[in-house]
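> sequence-free structure coming up:
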Ligand SMILES: Nc1nc2c(ncn2[C@@H]2O[C@H](COP(=O)(O)OP(=O)(O)OP(=O)(O)O)[C@@H](O)[C@H]2O)c(=O)[nH]1
């Protein structure tokens with residue numbers, strides 16, 4: 001069975017959407033990578049600091065060796081909190097920090113050598129526009145990650161959720177518990193510090209890179225986008241389907257109206273044709289087929305309701321002569337005029353039938369034999385008195401009877417017999433034959 005065009009289009013659209021969804025998921029998984037790398041070639045401002053600025057004696061130095069950063073620290077416990085520190089400044093304006101919440105992992109390729117504790121602390125200082133002070137970095141949120149470089153200097157990969165907020169910073173700044181979580185949407189500064197141990201140390205750190213890794217679009221965001229895509233496609237399809245249904249409905253209604261119109265016209269035409277088939281084209285009177293049903297109905301009603309039903313057979317006398325002397329066309333005209341004369345003198349509910357040739361029949365419901373005879377006499381007189389196009393006087397003969405409880409053929413034959421009798425009596429005569437008692 002052939003698949004409809006609309007179904008094929010729907011299948012094609014679903015297939016394309018499916019392929020697009022898979023492609024987007026694969027793209028999100030394999031591509032769309034977002035990386036922030038700190039190494040010897042970074043353009044960010046990187047400086048080495050130590051407690052010397054605050055009265056201590058520790059010495060921190062930084063060298064760039066190709067892609068590598070060499071961070072040396074001679075830690076002296078003279079100061080209360082001795083430290084060496086690498087400071088990376090992403091922006092001079094704390095309002096213009098970097099959004100680190102978009103990264104999912106941090107990768108550290110750092111090796112350490114020398115004597116003393118090798119533990120390091122990485123801080124992402126987040127500047128909260130609402131609560132932090134631009135001129136006091138101690139008010140910038142201290143997101144902290146402690147780690148110890150691996151002996152072989154291999155990469156350490158940690159999820160960003162491993163960061164936490166330094167508890168002493170929370171205490172010092174009276175941060176309420178609701179706001180104690182890690183926040184790193186606006187980080188203008190990164191710090192790499194020694195672990196805060198108060199002992200002498202001579203350390204050398206080789207930093208190949210500190211790399212933050214993430215995706216421009218997260219898997220969740222991509223899934224949401226794909227769901228939205230399917231929803232939009234479904235809504236578009238439904239809207240389109242509804243429009244199509246409406247137009248199909250309108251079209252079929254139009255078509256139905258057209259067909260109804262055509263049907264009505266055909267019925268009218270049929271009625272006209274049916275009516276024509278029941279009438280004599282020359283005189284417009286009913287023909288034998290035209291009177292058949294009415295005769296049966298009227299006869300049945302007359303017998304049921306015991307009402308009289310009369311029939312008058314009329315025949316123009318010597319009509320043949322009209323044709324012979326004046327031509328067939330004149331004969332037709334005379335027939336038309338005779339028919340019109342009869343019609344004019346009968347009631348609306350009487351029937352005028354051209355029985356054949358120059359012979360006509362009048363069927364008169366609710367008419368007694370006496371009244372039918374009187375009508376026939378009046379028609380006979382009118383025919384004789386009429387002025388005919390032949391210029392000659394014309395007469396007609398009439399046979400009259402009424403219906404008894406008998407076959408219709410007997411009823412009509414009696415009327416015909418009465419007409420024959422009228423002709424026999426010399427024409428221009430009315431003969432009335434009562435039905436048998
Ligand atoms: N012009 C014309 N003549 C017709 C038509 N139908 C029948 N006739 C003629 O009517 C004539 C009837 O003749 P007859 O049956 O001999 O009767 P008649 O001459 O009227 O004589 P009676 O009836 O005995 O008085 C015939 O000549 C038919 O040709 C018609 O439609 N038009």
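Right, received. Where do you want to start? Note that this is a predicted model, so its numbers are computed, not measured.

> Where do the strands of the stretch 151-300 of the chain begin and end?
Here the stretch 151-300 of the chain has its strands, by DSSP state E, counting those that start in this stretch, at 156-159, 164-165, 189-194, 201-215.

> Of these, flag the one that's most buried.
Ranked by mean neighbour count under mean count of other CB atoms under 10 Å, these are led by strand 189-194, which reaches a mean of 22. For glycine as for every other residue, the C-beta is placed from the backbone atoms N, C-alpha and C.

> which residue sits closest to residue 117 in space, ignoring its chain neighbours?
Distances taken as CB to CB, 6 or more residues apart in numbering place residue 197 nearest to residue 117, at 4.4 Å, with adjacent residues excluded.

> remind me which residues of the chain are low pLDDT?
Applying pLDDT under 70 to the chain flags the ranges 1-3.

> what secondary structure does whatever residue of it ends up closest to the ligand sit in?
Nearest residue of the chain to the ligand, counting by CB to the nearest ligand atom: residue 331, 2.4 Å away. Under the three-state scheme (DSSP: H, G, I helix; E, B strand; the rest coil), residue 331 adopts helix.

> before we move on, back to that, for the strands of the stretch 151-300 of the chain, which one sits closest to residue 41?
Smallest distance to residue 41 across these (CB to CB): 9.6 Å, for strand 201-215.

> The closest one: partners in the sheet, and parallel or antiparallel?
strand 33-38 (antiparallel), strand 68-75 (antiparallel), strand 103-115 (antiparallel) (DSSP bridges).

> ok, back up a step: what's the neighbour count on the residue of the chain closest to the ligand?
By other CB atoms under 10 Å, 21 other residues sit near residue 331.

> Residue 313 versus that one, what's the distance?
Using CB to CB, to the nearest Å, residue 331 is found at 20 Å from residue 313.

> circling back: just send the strands of the stretch 151-300 of the chain back as a markdown table, with distance to residue 279 too.
Shown next, in a markdown table, are the strands of the stretch 151-300 of the chain (distance: least, CB to CB, whole Å):
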| stretch | distance to residue 279 |
| --- | --- |
| strand 156-159 | 103 |
| strand 164-165 | 110 |
| strand 189-194 | 111 |
| strand 201-215 | 93 |
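
> Where does the spatially closest residue to the residue of the chain closest to the ligand that is not a sequence neighbour sit: helix, strand or coil?
Once flanking residues are discounted, residue 331 sits nearest to residue 323: 4.2 Å by CB to CB, 6+ apart. Taken by three-state DSSP, the conformation at residue 323 corresponds to helix.

> wouldn't residue 323 be in contact with residue 333 here?
No. Residue 323 lies out of contact with residue 333 (CB atoms under 8 Å); the separation is 11.2 Å.

> what's next to stretch 222-238, contact-wise?
With contacts defined as CB atoms under 8 Å, 6 or more residues apart in numbering, stretch 222-238 is touched by 10, 13, 17, 20-21, 24-25, 28, 217.

> burial count for the residue nearest to residue 331?
Neighbour number of residue 323 under other CB under 10 Å is 15.

> From residue 335, how far out is it?
Counting by CB to CB, the gap from residue 323 to residue 335 is 10 Å.

> which residues are common contacts for those two?
If you check residue 323 and residue 335 against CB under 8 Å, 6+ apart, no residue is contacted by both.

> can I see the domain layout of the chain?
Split into domains by automatic domain parsing, the chain comes to 1-32+217-274, 41-216, 288-432.

> Compile the ones you listed into TSV and extend it with columns for distance to residue 281.
Converted to TSV, these look like this (distance: least, CB to CB, whole Å):
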stretch	distance to residue 281
domain 1-32+217-274	13
domain 41-216	93
domain 288-432	10
